[in-house]
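**Q** predicted model, plus sequence, below.
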Amino acid sequence: MPELPEVETVRKGLEKKLKNFIVNEVQILRPSTIGYPKDIDEFIEGVNGSLFDQWQRRGKYLIVNLKKLSSNLKITDKSKFRNNGYLIIHLRMTGYFNWFKRPKTPCNHTRVRFLNERNNELRFVDVRSFGQLWWIKEGLKPEIIIKGLGNLGPEPFSKEFNINYLIEEFSKREKSVKAVLLDQTIIAGIGNIYADESLYEAGISPFRKAKTLKKNELSILRTSIIRILEKSIGSGGTTFSDFRDLEGLNGNYGMLANVYRRSGKECHKCKNLILKKKLGGRSTHWCYKCQK
């Protein structure tokens with residue numbers, strides 16, 4: 001599943017490519033992809049005629065502010081556009097976007113198509129069909145309608161993600177530190193790849209109970225999380241997930257990974273073999289010597 005760096009990479013690509021993109025036509029090829037409203041015609045009518053304005057990310061969610069056009073306005077008159085709520089996207093396991101200068105015949109996994117008056121196409125493709133799109137009209141609160149969005153913990157790059165917060169949250173958790181990192185209600189955006197990588201850099205065993213971590217260890221872990229995520233964003237995400245960016249390319253972070261999917265290979269630090277074990281149904285990779 002795409003994690004914070006991959007979703008941030010997609011956000012940047014959409015923001016760059018879709019400047020002044022005004023939706024002229026919406027095609028829903030798989031109705032179950034639309035999470036809200038349930039009436040597909042309402043979704044189409046709501047998004048149609050909208051300008052994709054500012055792109056944001058919250059955890060693994062993509063959020064674009066929509067501006068509704070009036071027929072007598074030009075694109076340069078953005079300040080006069082009225083707000084038209086939000087289009088929110090969760091890529092889930094295999095969702096991604098493609099952009100085409102001219103529309104092409106949809107592949108079998110095309111779920112939603114957005115076209116502008118120039119016939120440029122933004123296409124949402126999803127092999128496993130777990131991804132979802134929501135149109136939240138102006139006046140409604142997205143975090144109330146989309147439960148997962150409303151329950152997210154702080155962003156790793158936010159001021160709320162500080163040592164005092166980590167001490168408070170970890171000190172009351174009996175579950176493993178790896179499980180805590182994967183809990184989106186505690187920290188938004190971290191998945192399996194970056195949990196393993198952050199714990200390795202911090203020298204902390206993924207199997208330790210979260211409440212056993214001392215203040216200095218939590219401080220090191222916090223720094224490691226931020227550093228690993230920043231490094232991956234700079235590399236355009238990872239090749240290990242089904243992620244691909246707007247141009248259909250995978251990220252390069254996989255070539256930099258220290259432990260993830262390196263079981264049976266030498267640890268870069270101590271030369272012992274990287275191990276792999278299931279933890280909470282997820283594959284966990286670690287070095288038994290470097291991580292305590």
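**A** Structure's in. What do you need? Just so you know, these numbers come straight off a predicted model, no measurement behind them.
**Q** you'd agree residue 289 is up against residue 267?
**A** Yes: in this structure, residue 289 sits in contact with residue 267. The criterion is CB atoms under 8 Å, and the distance is 7.1 Å. C-betas here are computed from N, CA, C, even on glycine.
**Q** could you check which of these two is surrounded by more residues?
**A** Shown here are residue 289 and residue 267; by other CB atoms under 10 Å, residue 267 has more neighbours (20 against 12).
**Q** can you check the pLDDT for the more buried one?
**A** The predicted structure scores residue 267 at 98 on the pLDDT scale.
**Q** how about low-confidence regions in the stretch 1-150 of the chain?
**A** When the per-residue scores of the stretch 1-150 of the chain are filtered using pLDDT under 70, the ranges that remain are 70-79.
**Q** do a quick rundown of the helices in it.
**A** Remark: helices of the stretch 1-150 of the chain, listed N- to C-terminal, are 4-17, 40-47, 142-145, 147-150; assignment by DSSP state H, counting those that start in this stretch.
**Q** buried ones in the longest one?
**A** Just to be clear, that refers to helix 4-17. Judged by neighbour count (16 or more other CB atoms under 10 Å), helix 4-17 contains these buried residues: 4-15.
**Q** please apply the same query to the second one.
**A** Buried residues in helix 40-47, counting neighbours by 16+ other CB under 10 Å, are found at 43-44, 46-47.
**Q** so which of these comes closest to residue 211?
**A** residue 43 (44.5 Å; CB to CB).
**Q** tell me the contacts of the closest one?
**A** 26, 28, 34, 36-37, 133, 135 (CB atoms under 8 Å, 6 or more residues apart in numbering).
**Q** roughly how far apart are the residue nearest to the spatial centre of the chain and residue 273?
**A** The geometric centre of the chain, computed from its C-alpha atoms, lies nearest to residue 60 (CA atoms, centre = their mean), at 2.7 Å. Spatial separation of residue 60 from residue 273 under the definition CB to CB, to the nearest Å is 32 Å.
**Q** for this structure, which segments are assigned as strands?
**A** Assigned by DSSP state E, the chain shows strands spanning 25-28, 34-36, 50-58, 61-68, 82-90, 95-100, 110-115, 121-126, 132-136, 275-279, 282-286.
**Q** returning to that earlier point: got a markdown table for the buried residues of helix 40-47, with distance to residue 162 too?
**A** As requested, those are exported to a markdown table (distance: CB to CB, whole Å):
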| residue | distance to residue 162 |
| --- | --- |
| 43 | 39 |
| 44 | 43 |
| 46 | 38 |
| 47 | 38 |
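**Q** and for residue 186, the neighbour number?
**A** Residue 186 has 19 nearby residues by other CB under 10 Å.
**Q** quick check, pLDDT for it.
**A** Among the per-residue scores, residue 186 shows a pLDDT of 98.
**Q** which among the buried residues of helix 40-47 gets closest to residue 229?
**A** Looking at those and their distance to residue 229, the nearest is residue 47, at 30.8 Å (CB to CB).
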